[in-house]
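A.B. asks: would you be able to build a 3D model of this:
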Amino acid sequence: MRNIILSISILSTLAVSAQNPVIRDQFAADPTARVFNNKVYVYPSHDIPAPEGQRQDWFCMADYHVFSSENLTDWTDHGVILSQEQVPWGKTDAYSMWAPDCVYKNGKYYFYFPNAPKDGRGFAVGVAIANQPEGPFTCVQEPIMGISGIDPCVLIDDDCSAYIYWSGMGIRGARLKENMLELDGELQEVKIPKRDGMPEMPPMKMGGQVMEGLPDGFKEGPFAFKRNGWYYLTFPWVRGNTSNGANPTETLAYAMSKSPLGPWDFKGIIMAEHDNHCWTNHHSILEYKGQWYIFYHRNDFSPNMDKRRSTRIEKIAFNSDGTIQEVKQTMRGVGINQAVERIEIDRYSSASNDVTTQLIDTVNTFRSFEAILSQKGSWLRYNDIDFNSVTDAYLVVNVKAADNTEFFVREKSAKGKIIAKVPMTVKSETRFPGSPTPFRRDQSNQWLTMTVPMEYLPKGVTDIVITNEGNAAFSINWIQFKNRPKYFSPVPATAAPSQPDQEGFIRRWRLLEPIAVDVRSNVVFTYSWLRHKFGEELAKFNTNSKKGKWYVMDSETYNMKLFRFAEKYGKQTYGSFYWCETVIDSPEEMRNVRLACGSNGASLWWLNGEEVLMLEGDRRMVEDDGMSPRLTLKKGRNTLRVAVINGPGLSDMCARFIDEKGKPITDYNVKVQ
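C.D. replies: I've put the predicted structure just below:
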């Protein structure tokens, strides 16, 4: 028997979360899930848009991928494991690589798949073999003799015997030989039913037997498993009335038996018809880490074409007698989200009746969805977010609104503790001195990524609720709780004096909470404008008319990141004015030193009350961007003060003293209280 070696694609990790659908960058239908090596592997079919020359309104599948996950939340795409060009017995342009399966036995992984054969009619089922669940796979030269049909499924029993099930003139099943490549038993001639308008076909030699005890009506896609001594045969089934041209869609149904090949006792429905009239459903059921799950598909990313489907997951439960409780489809899906990952909040667990969901982009549907909270009081709830990895965090949200509004992020309920408040000012008007007309900004109906501080940090695994607190509707796509890098550390009152770092940069500063200023653009930072503005703010500072809270901070880097300081304490981050000062305790008088500094935004610097340097214009943070004239550091106390102003940009500043040779001065203490 000649074999062909198949190569495996370079794997890639998908940026996806636990919400449905779980595969977000491609269509993935008919998902067969298996547990190998303590991971879940999903082997789906791969719907693609039909190429030119193929039927445009039908299923089109050219290859198979395999995906794996340890938490049902983060999925790795291991790439293509088999394509139609690599099947020696199949048509290379049939686009008929329908629902597959994969099982482990005798140290090997056996991948079973249907395809249209080069010779003959209908479908055959082939096998590819690998040493690892993700491949590379070796395709067997010939299909399994005696199987004419689709949707193979293999059950490995407790005694290691193997049984295969498939769809073909009903659902059939047979025992496999030990080699996993042949049916165990004689083939029989089976008469092919005559179709209207088609010639009568000669009998075919088929293996196995029809599964007895199943309900009348169209059935396909069998999936068999064993639990607590019961064999389960589950399958898509059309239970509706098909007379008079009616075309009801599929349910997922099941039967039970004490034998792997029946007879079967039909029990009922696992999952009802899709509410959006997607015609097919196809599934698999497994236990993983003590919980049972059902994997199935729905056309989430192709609402107008139900031949492009996507994989979903739900929990499934059993009654005490072994029967299966009916499963309800959800957008939330399964798994626990880490708060620090991007959470597709539009895939919520529950919501008020006025909340709706729609695709963000009807052309590029993989951009996912948006949830619309239409009025004040609207809410949505998202279950199971793990905050254990969140320490000092802020919230990032992706939202849009037609008008100014506000929403809150709460814990557990619509009246729960407020985690963050998110004001949305999408329409604003600012008047500048001397301008005859106001500056208007309109970001209505634009997707905005907004950053807001947190008012409260939940602990452990909990639920969050988004509540509309304003008077306008808004749409939300995703949220994320981001841990701040450690930009600075608060300095306790009992702290010992600090010293400049080895490059001479002063890291300890006393900072006044930011002051909001009207700055629409940094192009206004001319010498005359800055002279007026700095003088105005200095007058307020000296008369103490501008009160606020002071903070003493040690910077973790050579520059003090003022923007992050404002963000951390919930103050205005853009269009801000900062007062910063530090106290230098010099052991001796130091003549002819220079202040070397930089700032993001314009800045004005004073030493011991005397102005020594202005950095004007739209600055970008560069060390030693400005250099003062020669100065004298007095013996003992010296006060260095800086005012920084910035508009729509980040803000930070840095400073050090250098000697006449350009070397940094480090032999003094910094005593800020």
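A.B. asks: where does the protein dip in pLDDT?
C.D. replies: Along the chain, segments meeting pLDDT under 70 span 1-18, 194-198, 431-436, 544-546.
A.B. asks: buried ones in the lengthiest helix in it?
C.D. replies: For the chain, the helix reaching the highest residue count under DSSP state H is reported as helix 527-542. Neighbour counts over helix 527-542 (16 or more other C-beta atoms under 10 Å) mark Trp529, Leu530, Lys533, Phe534, Glu537, Leu538, Phe541 as buried. From N, CA and C alone the C-beta is placed, and that goes for glycine too.
A.B. asks: show me the contacts for the third one.
C.D. replies: The neighbourhood of Lys533, defined by C-beta atoms under 8 Å, 6 or more residues apart in numbering, consists of Val517, Ile645.
A.B. asks: do you know how far it is from Ser576?
C.D. replies: If you measure Lys533 against Ser576 using C-beta to C-beta, to the nearest Å, the figure is 13 Å.
A.B. asks: now do the shared contacts for those two.
C.D. replies: Counting by C-beta under 8 Å, 6+ apart, the contacts common to Lys533 and Ser576 are Val517, Ile645.
A.B. asks: just to revisit the earlier point, can I get the longest helix of the chain in CSV? Just the C-alpha atoms.
C.D. replies: Below are the C-alpha coordinates for helix 527-542, written out as CSV (Å, rounded to 0.1, in the frame of the first residue of the first chain):
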residue,chain,number,x,y,z
TYR,A,527,7.1,81.9,22.5
SER,A,528,4.5,84.7,23.0
TRP,A,529,1.6,82.4,23.7
LEU,A,530,3.6,80.3,26.1
ARG,A,531,5.0,83.4,27.9
HIS,A,532,1.5,84.6,28.5
LYS,A,533,0.1,81.1,29.6
PHE,A,534,3.0,80.3,31.9
GLY,A,535,2.8,83.7,33.4
GLU,A,536,-0.9,83.3,34.0
GLU,A,537,-0.4,79.9,35.7
LEU,A,538,2.6,81.1,37.7
ALA,A,539,0.5,83.9,39.1
LYS,A,540,-2.2,81.5,40.2
PHE,A,541,0.5,79.2,41.7
ASN,A,542,2.1,82.0,43.7
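A.B. asks: now find how far off-centre it is within its chain.
C.D. replies: Distance of helix 527-542 from its chain centroid, counting by C-alpha atoms, centre = their mean, to the nearest Å, is 47 Å.
A.B. asks: next secondary structure after that helix?
C.D. replies: Per DSSP states H and E, the first helix or strand lying C-terminal to helix 527-542 is strand 550-555.
A.B. asks: can you mark which positions in that following strand are buried?
C.D. replies: The neighbour-count check on strand 550-555 (16+ other C-beta under 10 Å) flags Tyr551, Val552, Met553, Asp554, Ser555 as buried.
A.B. asks: and these, which is closest to Asp57?
C.D. replies: Set against Asp57, the nearest of the buried residues of strand 550-555 by C-beta to C-beta is Ser555 (63.0 Å).
A.B. asks: and that closest one, what are its bridge partners?
C.D. replies: Taking DSSP bridges, one obtains Phe488 as the residues bridged to Ser555.
A.B. asks: so who does it touch?
C.D. replies: Under the criterion of C-beta under 8 Å, 6+ apart, the contact list for Ser555 reads Tyr487, Phe488, Arg507, Arg508, Trp509, Lys561.
A.B. asks: check contacts around the second one.
C.D. replies: When contacts are counted by C-beta under 8 Å, 6+ apart, Phe488 touches Met553, Asp554, Ser555, Glu556, Met560, Lys561, Arg564, Phe565.
A.B. asks: the fourth one: what's its closest spatial neighbour, skipping adjacent residues?
C.D. replies: Closest residue to Glu556 in three dimensions, ignoring its sequence neighbours and counting by C-beta to C-beta, 6 or more residues apart in numbering: Lys486, at 5.2 Å.
A.B. asks: find the nearest non-adjacent residue to Glu70, please.
C.D. replies: Closest residue in space to Glu70, ignoring its immediate chain neighbours: Lys39 at 5.3 Å, by C-beta to C-beta, 6+ apart.
A.B. asks: okay, and the beta partners of that neighbour?
C.D. replies: Here Lys39, judged by DSSP bridges, has bridge partners Phe36.
A.B. asks: who touches it in this structure?
C.D. replies: Lys39 touches Ser68, Ser69, Glu70, Pro133, counting by C-beta under 8 Å, 6+ apart.
A.B. asks: just the buried residues out of those, in ChimeraX syntax.
C.D. replies: Buried subset of the contacts of Lys39, written as a ChimeraX selection, criterion 16+ other C-beta under 10 Å:
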select :68,69,133
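A.B. asks: let me have the contacts of Lys39 in CSV, extended by distance to Ile336 and secondary structure.
C.D. replies: Written out in CSV, the entries for these read as follows (distance: C-beta to C-beta, whole Å; DSSP: H, G, I helix; E, B strand; the rest coil):
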residue, distance to Ile336, secondary structure
Ser68, 18, strand
Ser69, 13, strand
Glu70, 12, coil
Pro133, 24, coil
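A.B. asks: what's the neighbour count on Arg332?
C.D. replies: Residues lying near Arg332 (other C-beta atoms under 10 Å) number 19.
A.B. asks: before we move on, the earlier item: quick check: the two most widely separated of the contacts of Phe488?
C.D. replies: Taking C-beta to C-beta as the measure, these span a maximum distance of 13.6 Å, between Asp554 and Arg564.
A.B. asks: what about stretch 329-336, start to end distance?
C.D. replies: For stretch 329-336, the separation between the terminal residues is 18 Å (C-alpha to C-alpha, to the nearest Å).
A.B. asks: ranges for the strands of the stretch 251-400 of the chain?
C.D. replies: Secondary structure of the stretch 251-400 of the chain, counting by DSSP state E, counting those that start in this stretch: strands at 251-257, 265-271, 284-288, 291-298, 310-315, 337-338, 350-351, 355-359, 369-373, 379-386, 393-401.
A.B. asks: which of those sits closest to Val465?
C.D. replies: Nearest to Val465, of all these, is strand 379-386, at 4.8 Å by C-beta to C-beta.
A.B. asks: buried ones in that closest one, by neighbour count?
C.D. replies: Result for strand 379-386 [16+ other C-beta under 10 Å]: buried residues Trp379, Leu380, Arg381, Tyr382, Asn383, Ile385, Asp386.
A.B. asks: name all residues that make contact with the fourth one.
C.D. replies: The reference is to Tyr382. Here Tyr382 is in contact with Arg332, Asn337, Ile343, Ile345, Arg347, Tyr348, Ser349, Asp463, Ile464, Val465, Ile466 (C-beta under 8 Å, 6+ apart).
A.B. asks: which of those are buried? Put it as a ChimeraX command.
C.D. replies: Buried residues among the contacts of Tyr382 (16+ other C-beta under 10 Å), as a ChimeraX selection:
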select :332,337,343,345,347,348,349,463,464,465,466
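A.B. asks: got the phi and psi for Tyr574?
C.D. replies: Torsion angles at Tyr574 (phi, psi; degrees, to the nearest 10) stand at phi -110, psi 150.
A.B. asks: just checking, it touches Gly601?
C.D. replies: No - look at Tyr574 against Gly601 with C-beta atoms under 8 Å: they stay out of range, at 10.3 Å.
A.B. asks: can I get the buried residues of strand 379-386 in CSV with distance to Thr365?
C.D. replies: What follows is the buried residues of strand 379-386, written out as CSV (distance: C-beta to C-beta, whole Å):
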residue, distance to Thr365
Trp379, 26
Leu380, 21
Arg381, 25
Tyr382, 22
Asn383, 25
Ile385, 26
Asp386, 29
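A.B. asks: buried stuff in stretch 92-112?
C.D. replies: Buried residues in stretch 92-112, counted by 16+ other C-beta under 10 Å: 94-103, 105, 109-112.
A.B. asks: in helices, which of those appear?
C.D. replies: In helices, judged by DSSP H, none of the buried residues of stretch 92-112 are found.
A.B. asks: in strands only, show me those residues.
C.D. replies: Of the buried residues of stretch 92-112, the ones assigned to strands by DSSP state E are Asp101, Cys102, Val103, Lys105, Tyr109, Tyr110, Phe111, Tyr112.
A.B. asks: name the nearest residue to the last one, ignoring sequence neighbours.
C.D. replies: Counting by C-beta to C-beta, 6+ apart, Pro152 is the residue found nearest to Tyr112 once chain neighbours are left out, at 4.1 Å.
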